[in-house]
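Sequence first, predicted model second:
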Amino acid sequence: MRVLFVPPWNSIGPSMQRDSSHHFVWSSVLAGLALLSALALAGPAWGVGSIFTCTVNGKTFSADRVPQECANADVRELNRDGSVRKVIARPLTLDEQRARAVEAKKRLEEEDVQLAQRRRDKSLLEAYASEQEIDAVRAKSLESSNQAIERANQRLTGLNVERKKLNDESEFYKKATLPEQIKRSYVSNQQQVGTEEKILTEARNEIQRINERFDAERKRFRELLAQGARPVQRNPETDILLDPRFRGK
């Protein structure tokens with residue numbers, strides 16, 4: 001503890017002793033007492049600060065600053081009474097940093113998926129007021145593909161009739177060379193059949209995609225209602241006209 005030396009009264013020079021007010025002497029004494037009180041309250045110098053400690057390979061290292069041995073270990077910062085002020089985590093290795101980055105990326109991707117699903121759910125509830133409306137829009141969406149299939153089948157029927165005629169004409173040339181015109185007609189007929197079959201395949205695939213889409217929307221719509229969601233209230237008479245997919249059709 002630091003001590004302030006205050007000179008005794010009898011060591012003060014004659015000129016000071018002759019001062020009738022003794023103002024200077026008493027001011028010095030009071031100042032010294034105040035300084036002593038402040039130092040006593042502050043306590044010893046070693047009580048200020050923290051202790052840093054860690055355990056490495058079963059050995060504990062402690063110091064008033066982070067020991068070098070703790071460079072790759074968790075460090076506990078302790079108060080002077082031994083209580084933990086905070087824990088300083090050790091630096092991550094490259095593998096740990098990479099794993100943490102992968103985990104963060106995964107969380108962001110999951111959040112994006114959830115956000116996209118909420119947007120789809122909102123659009124679904126805005127587009128339809130009931131499952132019956134979903135079925136009505138499905139039927140409207142299937143019209144084009146169904147018409148394409150109907151037209152293709154009609155053309156295939158006509159092409160089959162033409163093919164039969166060509167076969168009948170070819171009967172007259174079993175023992176002779178088939179005329180070039182009939183050969184070209186066979187080739188043309190086969191090409192047209194291929195075209196119509198391609199149209200049929202594409203239309204059927206489109207029907208499958210449409211049905212899968214509306215099946216999923218119908219299922220999700222039912223799930224949302226079960227969870228307590230409610231469709232946006234609209235005029236059912238003008239609902240289909242408000243859908244941009246069918247406006248003007």
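It's in.

ok, which stretches of the chain are helices?
14-17, 23-42, 94-127, 131-170, 180-226, 239-242 (DSSP state H).

Out of those helices, which gets the lowest mean score?
Ranked on mean pLDDT, the bottom entry among the helices of the chain is helix 23-42, at a mean of 40.

possible to save the helices of the chain as JSON lines with distance to Asn79?
C-beta coordinates here come from the backbone N, C-alpha and C atoms, glycine included. Putting these into JSON lines (distance: least, CB to CB, whole Å) gives the following:
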{"stretch": "helix 14-17", "distance to Asn79": "48"}
{"stretch": "helix 23-42", "distance to Asn79": "17"}
{"stretch": "helix 94-127", "distance to Asn79": "30"}
{"stretch": "helix 131-170", "distance to Asn79": "66"}
{"stretch": "helix 180-226", "distance to Asn79": "55"}
{"stretch": "helix 239-242", "distance to Asn79": "68"}
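
Let me know which of the ones you listed is the nearest to Arg80.
When those are compared by CB to CB, helix 23-42 sits nearest Arg80, at 14.0 Å.

Identify whichever of the helices of the chain lies nearest to Ser83.
helix 23-42 (21.1 Å).

want to try TSV for the helices of the chain, with mean neighbour count and distance to Thr53 as columns?
Listed next are these as TSV, based on neighbours: other CB atoms under 10 Å; distance: least, CB to CB, whole Å:
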stretch	mean neighbour count	distance to Thr53
helix 14-17	10	55
helix 23-42	12	26
helix 94-127	11	23
helix 131-170	14	66
helix 180-226	14	55
helix 239-242	14	70
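
Looking at these, spot the one closest to Gly82.
helix 23-42 (21.4 Å).

contacting residues for Thr157?
Listed by CB atoms under 8 Å, 6 or more residues apart in numbering, Thr157 has no contact partners.

Leu78: which of the helices of the chain is closest?
Nearest of those (CB to CB): helix 23-42, 21.1 Å.

Can you report how many residues lie near the closest residue in space to Arg85 that isn't next to it in sequence?
Once flanking residues are discounted, Arg85 sits nearest to Glu77: 4.6 Å by CB to CB, 6 or more residues apart in numbering. If you count neighbours by other CB atoms under 10 Å, Glu77 ends up with 14.
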